[in-house]
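Visitor: need coordinates for the following:
(2 chains)
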Amino acid sequence: MSTAPSPTRHHRGRNGGTWAIWTLLVIAALITAFPLYWMVATSLTGGTLTQSQDFRLWPADIGLDNYTAVFRELPVGHWIVNSLLIATVGTVLTVVVSLLAGFAFAKYRFRGRTAIFFAYLLTIMVPIQVTLVPSFLVIVKLGLVDTVWGVILPGAAEATAVFIARQFMLNIPTELLEAARIDGAGELRIFLRVVLPLSGPLIGVLTVLAFMARWNEFLWPLIVLQGEDNLTLPVGLAGLQGSESFAAPWGPIMAMATLTTLPVLVIFLLCQRQFVQGIANTGLK
Amino acid sequence: MSGTETVTPSRPAPAAATGPAPRTGRRRGPTGTRAPYLFLTPSLVLFGVFSLFPIVAAVLMSTQQGAVLGQTEYVGGDNYQRMVDDPLFWTALRNTLVFTAATVPLSMVIGLLLALMLNRPMPGRALLRTVFFTPMVVSGVGVGMVMAWIFNGDYGVLNNALATAGLPRGEWLTSPDMGMVTVVLAVLWTRVGFCMVLYLAALQSIPHSLLEAASLDGAGAWQRFRHVVVPQLSPTTFFLLVVNVVFSLQAFDLLYVLTGGGPGFATTVLIQYIYRSAFANGEMGYASALGVVSTLLLITFTLLRWYLGRNDEDNR
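Guide: Residues are numbered from 1 along each chain as shown, chains lettered A, B, ... in the order given. This next block holds a predicted model:
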């Protein structure tokens, strides 16, 4: 990052304009960052200072009281374990299933391929509110209400992930697969030994996208999970509204919000490239 | 994502042409093998049980009446008839349209402005881009809670700031008129960065020579924007339009937490009304019918999306 505008960008490259724009962008960035800052700042503010009409922009009476309070009053430990379990198992399942399906769509010609592909397309277009009730009935019939599998399984069928996988695998040279076939490798072996090693970036993108989606998932776990100990972090967090458990509820609520959002924020900051690439791939291709 | 093949080949097309291959690089494995079906099976089972079957079932259920777990009876088009006479349905529909019409264009315009401003070398550019994109990854429930706190009437930082400045405290979440405005502002916060990232990527792929040629022809900054940049961005714009509409029609988490559809029903959108009908009122037939209708809303836009994919293909 250079500190001066590069001379190759002629028009508008003049200092004055650039600095005015830079200032605007910094203001916009501060506004954008403020809610997350305020979430953390409030979570660190102790006592009943959150019940105040005084204008303050930084935490006062700093401490972790709000965090100890939520762990004391609520089954937060259970919620963290549930969220981790659902997000991890769900992500692995989505990635494996999508890689296999993407490979089949990208590299084989078989009867029914177009029709099946079309059916997948259809599911992407149908919004969740349509299938909410029947999907819940399926979960009831399978006896999976209030279990982690009831949350994990329906979300594992992620058509978008199949498309991203297929799109990527179309780029794998078919000659490589044929060379392996000539050497006598079976199809599963080709997938494991030839395709997977070439799919590193794809696996990265799918993992990051799926983990974020599963961790943040709300409506479906809200319906499926019922026992207090069985909730995920977002569902537990949503239930805190109007909670009577705390004298000054906003501090503990922001502590819960921080616990809920922090893992995904960290992953995002570490894997930003996969993220942006994944989002762009979902769309433009 | 179109269903059609639009990969830009990243490597030379295979040289060996065996027979009349319709498209290079797309020869398949041995025909007659069961392998593709085996690879597809896990995905097909999950899709069949949790996607395709529920879709068919939803249409069937929309003609039935009964509790979520109780006995059902066939009632034909009654659920649809009931919708016409249900003032809450019309309120939810109107709110959905207002919400969509406000969030989609605003997030795209602000996202484009940010992308245009960021599309030049400047100090801290990568950091700025990261900051703008970050809200996209925060859970909707988390955003809803933080926004409920910031916009809180009694102790929220926004009203405290206004009061300190000698201005009246706003009824952000308690007045029916302001409720929708607040919800839209909160959603914009999550959505603008997404639009910005895609626009920025598109801007950076515009060949510099195009802009230079326009300059040489005497085009000013506005003319270059209007006649070179905007047309080059049109696939992105179209895609963002459709995706944002889909996002807006499915927006649930943030609204559920921030306003719960209130005050009154001022911010109740269709998806919330469906959730309420099915899981608070236990009217699964009616909820299914509402779902089918909201799908019809979406279909218009998904057809556009499909069409976009095909156009894109033709241009390559």
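
Visitor: so which residue is smack in the middle of the chain?
Guide: Defaulting to chain A. residue A:212 (1.2 Å; C-alpha atoms, centre = their mean).

Visitor: other chain: chain B
Guide: The centre of chain B sits closest to residue B:247, judged by C-alpha atoms, centre = their mean, with a distance of 2.2 Å.

Visitor: residues contacting the nearest residue to residue B:228 once chain neighbours are set aside?
Guide: With sequence-adjacent residues excluded and distances taken as C-beta to C-beta, 6 or more residues apart in numbering or on different chains, residue B:228 is closest to residue B:214, at 5.0 Å. C-betas here are computed from N, CA, C, even on glycine. With contact set as C-beta atoms under 8 Å, 6 or more residues apart in numbering or on different chains, residue B:214 has these partners: B:223-224, B:227-228.

Visitor: quick one: residue B:214 from residue B:297, how far?
Guide: Distance of residue B:214 to residue B:297, computed by C-beta to C-beta, to the nearest Å: 40 Å.

Visitor: next: residue B:178.
Guide: From residue B:178 to residue B:297 the distance is 26 Å (C-beta to C-beta).

Visitor: out of the contacts of residue B:214, who's nearest chain A?
Guide: Closest approach to chain A among the contacts of residue B:214 (C-beta to the nearest C-beta): residue B:224, at 8.6 Å.

Visitor: my guess is that closest one meets residue B:211, correct?
Guide: Yes: between residue B:224 and residue B:211 there is a contact under C-beta atoms under 8 Å: 5.8 Å.

Visitor: ok, which stretches of the stretch 51-200 of chain A are helices?
Guide: All helices of the stretch 51-200 of chain A, identified by DSSP state H, counting those that start in this stretch, fall at A:65-73, A:76-107, A:113-125, A:128-141, A:148-156, A:159-169, A:174-182, A:187-190, A:196-198, A:200-216.

Visitor: hey, least reliable of those helices by pLDDT?
Guide: Of all the helices of the stretch 51-200 of chain A, mean pLDDT reaches its minimum on helix A:113-125 (a mean of 82).

Visitor: pLDDT at residue A:221, what is it?
Guide: Residue A:221 is given a pLDDT of 94.

Visitor: quick one: which helix or strand includes it?
Guide: In this assignment (DSSP states H and E), residue A:221 forms part of helix A:219-224.

Visitor: need the contact partners of that helix.
Guide: A:86, A:128, A:132, A:135-136, A:139, A:144-147, A:150-151, A:154-155, A:231-232, A:234-235, A:238, B:252-253, B:256, B:275, B:279.

Visitor: filter these down to the buried ones.
Guide: A:86, A:128, A:132, A:135-136, A:139, A:144, A:147, A:150-151, A:154-155, A:231-232, A:234-235, A:238, B:252-253, B:256, B:275, B:279 (16 or more other C-beta atoms under 10 Å in any protein chain shown).

Visitor: all helices for the stretch 201-316 of chain B, in order.
Guide: Under DSSP H, counting those that start in this stretch, the stretch 201-316 of chain B gives helices at B:208-216, B:221-224, B:230-250, B:253-258, B:270-275, B:284-314.

Visitor: quick one: low-confidence ranges for the stretch 201-316 of chain B?
Guide: Under the criterion pLDDT under 70, the flagged ranges of the stretch 201-316 of chain B are B:301-302, B:304-306, B:308-316.

Visitor: up against chain A, what does it have?
Guide: B:201, B:215, B:221, B:235-236, B:239-240, B:243, B:246, B:249-250, B:252-253, B:256-257, B:260, B:270-271, B:274-275, B:278-279, B:284, B:287-288, B:290-292, B:294-295, B:298-299, B:302, B:306 (C-beta under 8 Å from any C-beta of the partner chain).

Visitor: mind checking which of these are buried?
Guide: For those, a burial check counting by 16+ other C-beta under 10 Å picks out B:201, B:215, B:235-236, B:239-240, B:243, B:246, B:249-250, B:252-253, B:256-257, B:260, B:270-271, B:274-275, B:278-279, B:284, B:287-288, B:290-292, B:294-295, B:298, B:302, B:306.

Visitor: if I look at residue A:101, how far off is chain B?
Guide: Distance of residue A:101 to chain B, computed by C-beta to the nearest C-beta, to the nearest Å: 4 Å.

Visitor: pull the contacting residues for that residue.
Guide: Residue A:101 touches A:162, A:165-166, B:39-40, B:42-44, counting by C-beta under 8 Å, 6+ apart.

Visitor: apart from its neighbours in sequence, what residue is nearest it?
Guide: For residue A:101, the closest residue by C-beta to C-beta, 6+ apart turns out to be residue B:43, at 3.7 Å.

Visitor: run through who's touching the strand or helix carrying the one you found.
Guide: Of the helices and strands defined by DSSP H and E, residue B:43 is found in helix B:35-47. Helix B:35-47 has contacts (C-beta under 8 Å, 6+ apart) with A:96-98, A:100-101, A:103-105, A:108, A:110, A:113, A:116, A:119-120, A:123, A:153-154, A:156-157, A:159, A:162, A:187-188, A:191, B:29.

Visitor: can you rerun that using 7 Å?
Guide: Helix B:35-47 has contacts (C-beta atoms under 7 Å, 6 or more residues apart in numbering or on different chains) with A:97, A:100-101, A:103-104, A:108, A:110, A:120, A:123, A:153, A:156-157, A:162, A:187, B:29.

Visitor: end to end on stretch A:217-227, go ahead and measure it.
Guide: Stretch A:217-227 has an end-to-end distance of 17 Å (criterion: C-alpha to C-alpha, to the nearest Å).

Visitor: tell me the pLDDT at residue A:22?
Guide: pLDDT, residue A:22: 91.

Visitor: who's in contact with it?
Guide: residue B:122.

Visitor: what helix or strand does it sit in?
Guide: Assigned by DSSP H and E, residue A:22 belongs to helix A:15-43.

Visitor: what's the angle from that helix to helix A:65-73?
Guide: 40 degrees (axes from the mean of the first three to the mean of the last three C-alpha atoms, to 10 degrees).

Visitor: next, the buried residues of helix A:15-43.
Guide: A:18, A:21-22, A:25-26, A:28-29, A:32, A:34-36, A:38-43.

Visitor: what about that helix, distance to the chain center?
Guide: 24 Å (C-alpha atoms, centre = their mean, to the nearest Å).

Visitor: so what's the closest residue to residue A:139 other than its chain neighbours up against?
Guide: Leaving aside its sequence neighbours, residue A:139 sits nearest to residue A:150 (C-beta to C-beta, 6+ apart; 4.7 Å). Residue A:150 makes contacts with A:139, A:144, A:224, as judged by C-beta under 7 Å, 6+ apart.
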